[in-house]
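A.B. asks: Okay, structure incoming, though there's no sequence with it:
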């Protein structure tokens, strides 16, 4: 249903650095782990990933507003200033273009900056550095310059903060060659993807969700191992099903899983795919699922026009059209700036019932279709 809505850190020589790949000497899959799990918040998962990567590689440093003394606007960098000092946890003025540019320049010279935006809405102040200075440099230098940098922070709708703090930038950055764009949902995603992003030789845009920071998810010993990484560009099937494929990312994964549970009570088996990565996009997993279920529903908080769901639908039509038994369904945010009023905000952002209705339409189980028949 369309539109339902410095000193020490910066003096490290490029010649002095050791390849991060040595930390992958023993692949995670070859280790033996207990199946026991514990609960961890997304906030703590991100913090632990940053801590481990800063400890393992002296080239990694954080920069942004309030990342140091205040320990991060959302406490993602809690404890890191005390542990690594002000050379590697750099507080800045409110100057996104300034500190993003400094970080890109540092990446040119072999450091591995992690840039925090207090919200990705403010990354628009630095978009020239993200797109023109970071994303394009490897190509423009004929491979001579890599830009190992991570731009991270909360993205998408929060709660009661209106339109200038509630926009999803997945489609914006996902359309740029040279960028990798990651969108974690769970604590496993957050920890594994952030570690992969920091180790990656290319610029990564890391889109978190403010409302997920305090959510707890089970994590295994494998996930907590210092070598654990989630591969970039590989989606995860969160729930297997046979009747309809639901493709989504970030907070909407949780909504889709709840919708799938409701659908199961009506005899509809929904497969839920957590994209994890918007660019590169795991088209193979999406198309394989659609070829099994013969139906597709995409779910995102962003605007419908030129959205991520539109790209997914195009991919499926191009590669798996003959397998479709129903029209594809797109669930997206309303085509308006996000309202401030709580009742209007809810109408502008996809809800669980919207996903349920779309899946039922795709399976020819909607009330309106039954009446029409």
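C.D. replies: In hand now; what should we look at? Everything quoted here is computed from the prediction, not taken from an experiment.

A.B. asks: Which parts of the stretch 251-373 of the chain are helices?
C.D. replies: All helices of the stretch 251-373 of the chain, identified by DSSP state H, counting those that start in this stretch, fall at 251-264, 283-293, 308-320, 342-348, 352-362, 367-372.

A.B. asks: in this structure, what spans have low per-residue confidence?
C.D. replies: Low-confidence segments of the chain (pLDDT under 70): 1-36, 160, 367-373.

A.B. asks: same thing but 90
C.D. replies: By pLDDT under 90, the weakly predicted segments of the chain are 1-37, 156-167, 336-343, 345-348, 366-373.

A.B. asks: Now do the strands in it.
C.D. replies: Along the chain, counting by DSSP state E, strands occupy 37-41, 60-64, 89-91, 112-116, 150-154, 180-182, 204-208, 216-220, 236-239, 244-248, 270-274, 277-279, 296-299, 329-331.

A.B. asks: Now tabulate those in a markdown table and tack on distance to residue 362 and mean neighbour count.
C.D. replies: Just so you know, the C-beta spots here come from the backbone N, C-alpha and C atoms, and that holds for glycine as well. Listed next are the strands of the chain as a markdown table, based on distance: least, Cβ to Cβ, whole Å; neighbours: other Cβ atoms under 10 Å:
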| stretch | distance to residue 362 | mean neighbour count |
| --- | --- | --- |
| strand 37-41 | 34 | 15 |
| strand 60-64 | 42 | 25 |
| strand 89-91 | 48 | 21 |
| strand 112-116 | 39 | 28 |
| strand 150-154 | 31 | 26 |
| strand 180-182 | 27 | 26 |
| strand 204-208 | 27 | 28 |
| strand 216-220 | 28 | 17 |
| strand 236-239 | 16 | 17 |
| strand 244-248 | 5 | 31 |
| strand 270-274 | 10 | 26 |
| strand 277-279 | 23 | 25 |
| strand 296-299 | 6 | 30 |
| strand 329-331 | 5 | 25 |
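
A.B. asks: a markdown table please, covering those and showing distance to residue 346.
C.D. replies: Shown next, in a markdown table, are those (distance: least, Cβ to Cβ, whole Å):
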| stretch | distance to residue 346 |
| --- | --- |
| strand 37-41 | 25 |
| strand 60-64 | 31 |
| strand 89-91 | 36 |
| strand 112-116 | 29 |
| strand 150-154 | 19 |
| strand 180-182 | 27 |
| strand 204-208 | 22 |
| strand 216-220 | 24 |
| strand 236-239 | 24 |
| strand 244-248 | 18 |
| strand 270-274 | 22 |
| strand 277-279 | 25 |
| strand 296-299 | 16 |
| strand 329-331 | 14 |
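
A.B. asks: Give me the neighbour count for residue 69.
C.D. replies: 9 (other Cβ atoms under 10 Å).

A.B. asks: Am I right that it is in contact with residue 78?
C.D. replies: No. Taking contacts as Cβ atoms under 8 Å, residue 69 lies outside contact range of residue 78: 11.6 Å.

A.B. asks: State the distance from residue 283 to residue 179.
C.D. replies: Separation of residue 283 from residue 179 (Cβ to Cβ, to the nearest Å): 17 Å.

A.B. asks: what about those two, which has more around it?
C.D. replies: Comparing residue 283 with residue 179 by other Cβ under 10 Å, the one with more neighbours is residue 179, at 22 against 17.

A.B. asks: how about the nearest residue to that one, chain neighbours excluded?
C.D. replies: When the adjacent residues along the chain are set aside, residue 179 lies closest to residue 135, with 4.6 Å between them (Cβ to Cβ, 6 or more residues apart in numbering).
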